[in-house]
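Peer 1: coordinates for the following, if possible.
(chains A and B)
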Amino acid sequence: MTDHVGVNRQRPLSASHRGEGPFLRRFSRLQITLHALVIVSFFGLVLTGAPLHFSNAAWAGWLIGLLGGVESAGFIHRVCAIITFGYFFTHVGTITYRLIKESDRKAILWGPTSMVPQPKDVRDVIQMFAWFLGKGSRPRFDRYSYMEKFDYWAVFWGVAIIGGSGLLLWFPEFFSRFLPGWSFNIATIVHGDEALLALGFIFTVHFFNVHLRPEKFPIDVVIFTGRATADYMKEEHPLEYERVVQEGRLEELKASRPSRTLYVWAVGLGFASLTLGIAMILLVLWAVVGN
Amino acid sequence: MRTPNLCVVLAALLGSAIFATVARAQAQPERGGGGPAVQCINCHGNMAFLGGKSATQAQDYMLFVTDSIVGPSVHGGLSCAECHPAHAEGYPHRAERPARPCADCHPEPGRDWGRSIHAANVARAGDAASCVDCHGSHQVFASTDRRSMTYALNVAETCARCHADPDIIGEYFATPEKALARSAASLYYETVHGTAITESGLVVSATCNDCHGAHEILPPDSSRSSVNRANIPETCGQCHEGIVQVYDGSAHGQALLAAAGPRAPVCTDCHTSHEIVSTDEPVWFRGVVEECGNCHQQLYERYFETYHGKATRLGSDIPARCSDCHTAHNMLPPSDPGSSVYPANMVETCSQCHSGVNENFVQYYAHGDHTDRERYPKLFWPWLFMTTLLAGVFGFFGIHTLLWLVRTGIDARRRGQERGKEE
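Peer 2: As a prediction, this is how the structure comes out:
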């Protein structure tokens, strides 16, 4: 295994650029675009929602003032909610289309490239803890590690739960035609707590897993450029790399090195997101401790 | 015959001379007719002469009296001696108690003043406002006269001469609990009552004496005081009659009459006394939630768990606050059919803001407590589920992250040691 941490002195900032080998495509343009929409809308939702959830925090009034007041923050929140529904249904739509039309439908639902949890994922979790405790080697991941699968399904679950409860709170008059009034109380609890879970998870665990853990520190922009070096793939997704080689699809996946402009933008946006996210974590901690 | 005659004549002459002198001395002050007597003005209308007769300039002005000063006042028809009988004895005057008590002619105000905190302070501290401090001395006008110190538009300024002077006020309102009394006169000008006077020129707006009385001013701890808690609704009701009629029937009004007595909220608990603002001011409708929360603490805390409360706390004017649902003055328990929050009235109450409200909609808990399993099981279980979910996810991945950090740390150190051995 290549040691990214200590050996390479000319170590690029982004983990996706480290090591040897041609750049290989990992994410499609659609995936890159959808993830960018997730980032933008999620920050919009967090910045406008957190002050309401922690309305008694010292910074809540200040942040709401910065956003132009409660009504203005509410407007931004709803616009970002529409973006969220937009990327969510775009993704569900394309997946559904592929399930109906394309020949790889089985691979979507089951197997090494599927997002559906596999028995191997359970074994990987166990082996990961064994490695943590010094009993065995690190599990070798396929196209998506169990952590990435968790992130993926967390967004699915999160959008459904937060989005659903958010719609209830957005249109209470409409939903009260079928639902009792206390469902809006439940919606308030669920919306706020699930959002807190999403915020807390993404800005700590997700940030650690994909950017801040020593192997990748300080950043990995593969989700912005869609490409990473062969060494990166051998390190992070060895089974995927080996399978691609075995299937003779390596040439197919070879891609040009991301342009300087794209790389600079990707790193810049990545660091901006990291900073903003960690700042939000600090604000939440302040609110929780200050209470 | 002649000698006795001469004696009689001399005695008569002497007698008439004495009589004439005395009579003149007594009659003289009345000769002025409409104003100060000519002889008084000889000295009191001469500023240069008075200059050497008093210790301060203020005293000079008090002593300086002319026809044009006293003439237009309500006392213009009186002679100097009516109020200064001692001076009729002639010159030099006695310095102490030069004036006759106003109460001789104005018994009722005099009696009322005698019971007031001002009179008590005269007795206790030797100095406090008496008749002339509020009405003036030589220029007393009817309170309906806009020149009067007690004219509605001038009262606050008159009271403020002492009550906004920190030197005077500090002496009487020295303790911390009297802090409000220290600032009351200054704060008044910022209130809706004060600006109605100073900006809108409304003579009907409440000024000091409308709430505190004019002559029998008593501190709020006196049960007879117009600003005693028990009497406040009646005092405010002098003007806000319709409001107090509603209040009297409300849970608060009824509590005031019943055993709760002094603990029941009165007008000033929500509206304050000297910081009263208009109810359409943001500072009011944000502040009033705090006022309600002073007593209804649990409802207050639970309100801030809802969107209504959170958005209100962040400064939005739109969401419902206490009085929007419970009314401002006719608050009644939900068990009372006349209450705005009586179940059958809820659709109407919520419809003030929301459209298409139905029976489902009003089952919303405006003060639900998700930690109260007994009363709100519908909220408790979802809340417990969410809390468990959060604890589970953060717990698992927290450990996952920490162990990962520790493992990479151990591995890095081991590699470093191995590299060290090789070299």
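Peer 1: and the most centrally placed residue in chain A, how far from A:Gly200?
Peer 2: Of all residues in chain A, the one closest to the mean position by CA atoms, centre = their mean is A:Asp151, 5.7 Å from it. Using CB to CB, to the nearest Å, A:Asp151 is found at 13 Å from A:Gly200. All C-beta atoms are positioned from the backbone trio N, CA, C, and that covers glycine.
Peer 1: what's the end-to-end length of stretch B:364-384?
Peer 2: Stretch B:364-384 stretches 19 Å from its first residue to its last (CA to CA, to the nearest Å).
Peer 1: circling back to that earlier point, need phi/psi at the residue nearest to the centre of chain A.
Peer 2: Note on A:Asp151: backbone dihedrals following degrees, to the nearest 10 are phi -60, psi -50.
Peer 1: give me the number of residues near A:Leu16?
Peer 2: Wrong residue type there; residue A:16 is Ser, not Leu. If you count neighbours by other CB atoms under 10 Å in any protein chain shown, A:Ser16 ends up with 27.
Peer 1: over to it. Which of the three states is it?
Peer 2: With DSSP: H, G, I helix; E, B strand; the rest coil as the basis, A:Ser16 sits in helix.
Peer 1: ok, it - contacts?
Peer 2: Applying CB atoms under 8 Å, 6 or more residues apart in numbering or on different chains to A:Ser16 gives the contacts A:Asp220, A:Val221, A:Val222, A:Thr225, A:Arg227, A:Ala228, A:Thr229, A:Tyr232.
Peer 1: name the member of those residues that has the highest neighbour count.
Peer 2: Neighbour max across the contacts of A:Ser16 (other CB under 10 Å) = A:Ala228, 29 neighbours.
Peer 1: what sits against that residue?
Peer 2: Neighbouring residues of A:Ala228 by CB under 8 Å, 6+ apart: A:Ala15, A:Ser16, A:His17, A:Phe23, A:Leu24, A:Arg26, A:Val222, A:Glu236.
Peer 1: how about the residue lying farthest from the centre of chain A, secondary structure?
Peer 2: Distance from the C-alpha centroid of chain A peaks at A:Arg177, with 35.7 Å (CA atoms, centre = their mean). When classified by three-state DSSP, A:Arg177 comes out as coil.
Peer 1: could I get the pLDDT score of it?
Peer 2: Here the pLDDT value assigned to A:Arg177 is 95.
Peer 1: who touches residue 177 in this structure?
Peer 2: With no chain named, the answer covers chain A. B:Gly356, B:Asn358, B:Asn360.
Peer 1: look at chain B instead
Peer 2: If you count contacts by CB under 8 Å, 6+ apart, then B:Glu177 has nothing around it.
Peer 1: surely B:Ala129 meets B:Cys162?
Peer 2: Yes: assessed by CB atoms under 8 Å, B:Ala129 is found in contact with B:Cys162 at 6.2 Å.
Peer 1: list the helices and strands the longest helix seen in chain B packs on?
Peer 2: In chain B, taking DSSP state H as the definition, the longest helix is helix B:377-422. If you count contacts as 3 or more CB pairs under 8 Å, 6 or more residues apart in numbering or on different chains; DSSP states H and E, helix B:377-422 packs onto helix A:119-132, helix A:182-200.
Peer 1: JSON lines for the ones you listed, including distance to chain B?
Peer 2: Putting these into JSON lines (distance: least, CB to the nearest CB, whole Å) gives the following:
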{"stretch": "helix A:119-132", "distance to chain B": "4"}
{"stretch": "helix A:182-200", "distance to chain B": "4"}
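Peer 1: export those helices as TSV, with columns for mean pLDDT and mean neighbour count.
Peer 2: Converted to TSV, the helices and strands packed on helix B:377-422 look like this (pLDDT from 0 to 100; neighbours: other CB atoms under 10 Å in any protein chain shown):
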stretch	mean pLDDT	mean neighbour count
helix A:119-132	97	16
helix A:182-200	96	22
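Peer 1: so which of those helices comes closest to B:Val283?
Peer 2: Smallest distance to B:Val283 across the helices and strands packed on helix B:377-422 (CB to CB): 27.4 Å, for helix A:182-200.
Peer 1: show residues contacting the closest one.
Peer 2: By CB under 8 Å, 6+ apart, helix A:182-200 touches A:42, A:45-46, A:49-50, A:53, A:154, A:158, A:161-162, A:165-166, A:168-169, A:172, A:175-176, A:280-281, A:284, B:305-307, B:363-365, B:368, B:370, B:378-379, B:382-383, B:386-387, B:389-390, B:393-394.
Peer 1: okay, and A:Asp142 sits in which element?
Peer 2: Using DSSP states H and E, A:Asp142 sits in no helix or strand.
Peer 1: hang on, isn't it packed against A:Glu236?
Peer 2: No: contact criterion CB under 8 Å: A:Asp142 and A:Glu236 do not qualify, at 10.6 Å.
Peer 1: give the contact list for residue 219.
Peer 2: You didn't say which chain, so I picked chain A. A:Leu13, A:Ser14, A:Ala15, A:His211, A:Val267, A:Gly270, A:Phe271, A:Leu274.
Peer 1: if you could check chain B rather than the one you did, that'd help
Peer 2: Contacts for B:Pro219 (CB under 8 Å, 6+ apart) come out as B:Ile117, B:Ser225.
Peer 1: gap between it and chain A?
Peer 2: Separation of B:Pro219 from chain A (CB to the nearest CB, to the nearest Å) stands at 38 Å.
Peer 1: then that residue would be within a strand, right?
Peer 2: No: B:Pro219 is assigned coil when assessed by three-state DSSP, not a strand.
Peer 1: okay, now the domains of chain B?
Peer 2: Domains of chain B are assigned by automatic domain parsing as B:28-94, B:125-217, B:377-414.
Peer 1: mind putting the helices and strands packed on helix B:377-422 into CSV with distance to B:Tyr188?
Peer 2: Below are these laid out as CSV (distance: least, CB to CB, whole Å):
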stretch, distance to B:Tyr188
helix A:119-132, 70
helix A:182-200, 42
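Peer 1: of all the ones you listed, which one comes closest to A:Phe89?
Peer 2: Nearest to A:Phe89, of these and by CB to CB, is helix A:182-200 at 18.5 Å.
Peer 1: name the next helix or strand following the closest one along the chain.
Peer 2: Moving toward the C-terminus from helix A:182-200, the next helix or strand (DSSP H and E) is helix A:207.
Peer 1: now for the helix or strand following that following helix, which elements pack on it?
Peer 2: Sequence order places helix A:222-225 as the next helix or strand after helix A:207, per DSSP H and E. The contact analysis (3+ CB pairs under 8 Å, 6+ apart) places helix A:222-225 against helix A:29-53, helix A:260-290.
Peer 1: picking up where we left off before, for chain B, state which of the contacts of A:Ser16 is nearest.
Peer 2: Of all the contacts of A:Ser16, chain B sits closest to A:Asp220, with 15.2 Å by CB to the nearest CB.
Peer 1: check contacts around that closest one.
Peer 2: Residues near A:Asp220 by CB under 8 Å, 6+ apart: A:Ser14, A:Ala15, A:Ser16, A:Val210, A:His211, A:Gly270.
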